[in-house]
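Enquirer: attaching a predicted model along with its sequence, questions to come.
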Amino acid sequence: MPGAVEGLKLLNDNDYQIIVVTNQAGIAREMISETDLTKIHKNMQDELEKYRVKLKAIYYCPHHWNDGCPCRKPKPGMFLKAAKNFNFNVRKAVFIGNSNSDKETAEAVGCKFVQMQTDGNLFEVVQHSILTEA
């Protein structure tokens, strides 16, 4: 995504803690293993650390969309677990997402939602939609 590293760095530099919350139904569909996903996440974190970007945590839901689990977005399970684990107020959090399920998750927990377009630039979104309103 254009501006991803720069946008994440700008958030870190402004004392935002970054937590990734992602649905990964490919695990339940046996398209990818949890071991492979863990490697992908590790590679992503290693690459970001080269630019001094720190992810606080990554939460993922491995379930199929028909499983009805409480962690799969748009249900708020992963988000609420992160809030509990890291002791943050969900009402003060900012959820950046690119799907209706992301927006529904933010609405379910009562936090601010910032819509990303598929071809959007994260650095610009952080500058204009998060830091200017903080």
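Expert: Okay, I see it. Numbering: from 1, shown residues only.
Enquirer: so what's residue 118 closest to, chain neighbours aside?
Expert: Computed as CB to CB, 6 or more residues apart in numbering, the closest residue to residue 118 that is not its neighbour in sequence is residue 98, at 6.2 Å. No exception for glycine: its C-beta is placed from N, CA and C like everyone else's.
Enquirer: before we move on, what about residue 65?
Expert: residue 25 (5.5 Å).
Enquirer: same question, residue 91
Expert: residue 110 (5.4 Å).
Enquirer: that neighbour: neighbouring residues, count only.
Expert: 11 (other CB atoms under 10 Å).
Enquirer: now do the one 3 residues further on
Expert: Counted with other CB under 10 Å, the neighbours of residue 113 add up to 17.
Enquirer: what do you get for residue 132?
Expert: 8.
Enquirer: quick check: residue 95 is in a helix.
Expert: No. Counting by DSSP: H, G, I helix; E, B strand; the rest coil, residue 95 is located in no helix; its state is strand.
Enquirer: roughly how far does the residue nearest to it when sequence neighbours are not counted sit from residue 3?
Expert: Among residues not flanking residue 95 along the chain, residue 106 sits closest, at 4.0 Å (CB to CB, 6+ apart). Computed as CB to CB, to the nearest Å, the residue 106 to residue 3 distance reads 21 Å.
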